[in-house]
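Chemist: What follows is a predicted protein model with its sequence.
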Amino acid sequence: MTTTEPVPILMYHAVAHRPAEAVFGLSVSPDAFADQMELLAELGCTPVTTAALAHAWRTAGSLPRRPVLITFDDGYEGVHRHALPVLATYGFTSTLFVSTAWLRGAHDEGGAPDTMLDWDQVRELAAAGTEIGGHSHSHPQLDQLPDDRLWFETLRCKEILAGELGERPVSFAYPYGYSDRRVRRTVRSAGFSQALAVGNALAERRQGPYALKRMTVRRTTVLDEFERLVLGSGRDIARTFARDRALTRGYALVRRARAAGRGPAGG
């Protein structure tokens, strides 16, 4: 595949039979996840990691036929319990973005919305070929933070991951998908080579390595809709997420107004 064609990046959160109410809408059932991965295999899709896609786009390198990215945000325990065995069945790789203050263990600061992974499980995922990326330390809206807290959230996450896994993470996903130029600059300065937003559109090389778009997979995503996310055109996907994108534009105005009211960056 040429490196100029758009690539679908799928964004998952919890994979669970009975997730907490706070994450139910953004969860998928284990059975639905298994059906979706089976469909990817039937369609001849080849999952790649975030790092692999970004490297191909930086170097004009090649990508496999029908590349797709499977990404998980936050670090829910069901990614290990339910998703990993299915991914292993098909030899699929994925990227897991974790908020380090939410994971069970030495760095846990509470506040997680559901049962999260522990560090042994994260290491098992990494050993199975899952790319582990950063998702901030405590999952705030990064574009609303003063400079010192933004730097802490980004760098602390990276330092903990490097210490626990023995390898520095190179990919990042913005909590809630929110970023601005200042946030993207900070993520880059912290040493991350690429970062994912949301956007609910296909990822394209022209978006740049720090603003790659993803598509949300929800509890309500039926298999026909899932197939459209993977194979559909940009126009098809825009229709699917029309309401989401309208809400995103509206809330972006609110966030910019809040940030302006906060005063100069760092204040």
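Modeler: Right, received. Where do you want to start? These numbers come from a predicted model, not from an experiment.
Chemist: And the longest strand seen in the chain, what does it pack against?
Modeler: With secondary structure taken from DSSP state E, the chain has its longest strand at strand 67-74. Strand 67-74 is packed against strand 9-12, strand 46-47, helix 50-59, strand 95-98, with contacts defined by 3 or more C-beta pairs under 8 Å, 6 or more residues apart in numbering; DSSP states H and E. The C-beta positions use only the backbone N, C-alpha and C, and glycine is treated the same way.
Chemist: Note down every partner strand of it and its orientation.
Modeler: Paired with strand 67-74 in the same sheet, following DSSP bridges, are strand 9-12 (parallel), strand 46-47 (parallel), strand 95-98 (parallel).
Chemist: Name the residues that touch the very next helix or strand once past it?
Modeler: Next along the chain after strand 67-74, taking DSSP states H and E as the criterion, comes helix 78. Residues from elsewhere that reach helix 78 (C-beta atoms under 8 Å, 6 or more residues apart in numbering): 14, 15, 16, 19, 30, 115.
Chemist: Looking at those residues, which is nearest residue 197?
Modeler: Taking C-beta to C-beta as the measure, residue 197 lies nearest residue 14 of the contacts of helix 78, at 20.0 Å.
Chemist: I'd like to know how many residues surround that closest one.
Modeler: By other C-beta atoms under 10 Å, 29 other residues sit near residue 14.
Chemist: do the one 4 residues further on as well
Modeler: Residues contacting residue 18 under the criterion other C-beta under 10 Å number 9.
Chemist: cool, residue 81 as well?
Modeler: As a burial measure, residue 81 scores 16 neighbours (other C-beta under 10 Å).
Chemist: cool, residue 21 as well?
Modeler: Residue 21, neighbours per other C-beta under 10 Å, totals 9.
Chemist: how close does it sit to residue 27?
Modeler: 10 Å (C-beta to C-beta, to the nearest Å).
Chemist: Verify the stated contact: residue 82 with residue 15.
Modeler: Yes: using C-beta atoms under 8 Å, residue 82 is in contact with residue 15, at 4.5 Å.
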